[in-house]
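> Below are the sequence and a predicted model; questions follow.
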Amino acid sequence: MSDAFDRARLIELLKRDSLKLGTFTLASGRQSHYYVDGRKVTLSAEGAAVIGAGVLDQLADLPDVVAVGGLTMGADPIVGATLAVAGARGHGQLRGFLVRKEAKAHGTGQLVEGPVERGSDVVIVDDVATTGGSSLQAVAAVEALGCTVKRVIVVLDRLEGAAAAFSAKGLDFRSLVTIRDLGVEPLS
C-alpha cells in the first residue's frame, strides 16, 4: 500500500463494512434511516492503514502538533493507526493520548491518558461525528490539561451539526469523508 491517503478506498470500506440502512435509534435518542459503525473499519488492518494515512495528511500543515487523541472508544483505533503510520513514515516523535469518559476513581485519577504535556498543540480524532459531542468532550478535557486543540479530524461526518458546533467553539474541523460520499443523505 502506498503512503498516500486513498479516499476512494476508505469510501468503499465504509460502504461495505460500516454502513447499515434501516431504522436506528442514535445516542441522542433521534431516529435515523442509517447507521455507521466506524469500528468495523477502524479496527481492520486495511482500514487502519488508510485512516492513519488520511489523518497524517490532515496534519501536514500543522507542524507544531505533537499528539493526536480523543474520547475512548471511537478514537482509540484511530490514534493507534495514526501513530503506526507516522512511525512507518519516519515521524516517530508524534504521540497519542486517550480521554476517558470520566476520571478513574483509583490510581492517579487521570482523565487524559498518555504522554501529552501541558502546553502541547494537539489534534482530536474520532470515527463518526453527528453533533460533535464526543469530540467536544475530549477538547474540554485536553484544554483543562493546558493543551491547545489545533484541529478536530473525524473519519466520517454525518452532516448533522458537528461542523457548526466546532465552528461555534472556534475549532478547525475536517472530515476524511461525509455521509454523502457513501450515497446517503443526512437527516434533516
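That came through fine. Residues are numbered from 1 along each chain as shown.

> List the residues that contact the most centrally placed residue in the chain.
When the chain is reduced to its mean C-alpha position, the closest residue under C-alpha atoms, centre = their mean turns out to be Asp126, at 1.9 Å. Residues in contact with Asp126 (C-beta atoms under 8 Å, 6 or more residues apart in numbering) are 70-71, 74-75, 78, 134-135, 138, 152-155. Bear in mind the C-beta positions are built from the backbone N, C-alpha and C, glycine included.

> Helix, strand, or coil at it?
Secondary structure, DSSP: H, G, I helix; E, B strand; the rest coil: Asp126 is strand.

> what sits opposite it in the beta ladder?
Taking DSSP bridges, one finds Val154 as the beta-bridge partners of Asp126.

> Turn the contacts of Asp126 into a markdown table, including pLDDT, neighbour count and secondary structure.
A markdown table is the format used below for the contacts of Asp126 (pLDDT from 0 to 100; neighbours: other C-beta atoms under 10 Å; DSSP: H, G, I helix; E, B strand; the rest coil):
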| residue | pLDDT | neighbour count | secondary structure |
| --- | --- | --- | --- |
| Gly70 | 96 | 30 | strand |
| Leu71 | 94 | 22 | strand |
| Gly74 | 90 | 21 | coil |
| Ala75 | 95 | 26 | coil |
| Ile78 | 97 | 30 | helix |
| Ser134 | 91 | 25 | helix |
| Ser135 | 95 | 27 | helix |
| Ala138 | 95 | 29 | helix |
| Val152 | 98 | 27 | strand |
| Ile153 | 98 | 25 | strand |
| Val154 | 97 | 31 | strand |
| Val155 | 97 | 27 | strand |
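
> Among the residues you listed, which one lies nearest to Arg7?
Among these, Val155 lies closest to Arg7 (C-beta to C-beta), at 11.1 Å.

> need the helices for this structure, in chain order.
With DSSP state H applied, the chain shows helices at 7-13, 39-42, 45-59, 76-88, 133-144, 162-168, listed in chain order.

> Could you report the neighbour count for Ala53?
As a burial measure, the neighbour count of Ala53 was computed by other C-beta atoms under 10 Å and equals 26.

> got a list of what the nearest residue in space to it that is not next to it in sequence touches?
Nearest non-adjacent residue to Ala53, counting by C-beta to C-beta, 6 or more residues apart in numbering: Phe5, 4.4 Å away. Under the criterion of C-beta under 8 Å, 6+ apart, the contact partners of Phe5 comprise 50, 53-54, 56-57, 176.

> Swap in 7 Å and give it another go.
When contacts are counted by C-beta atoms under 7 Å, 6 or more residues apart in numbering, Phe5 is found next to 53-54, 57.

> Then Cys147?
In this structure, Cys147 makes contact with 116, 118, 120, 122, judged by C-beta under 7 Å, 6+ apart.
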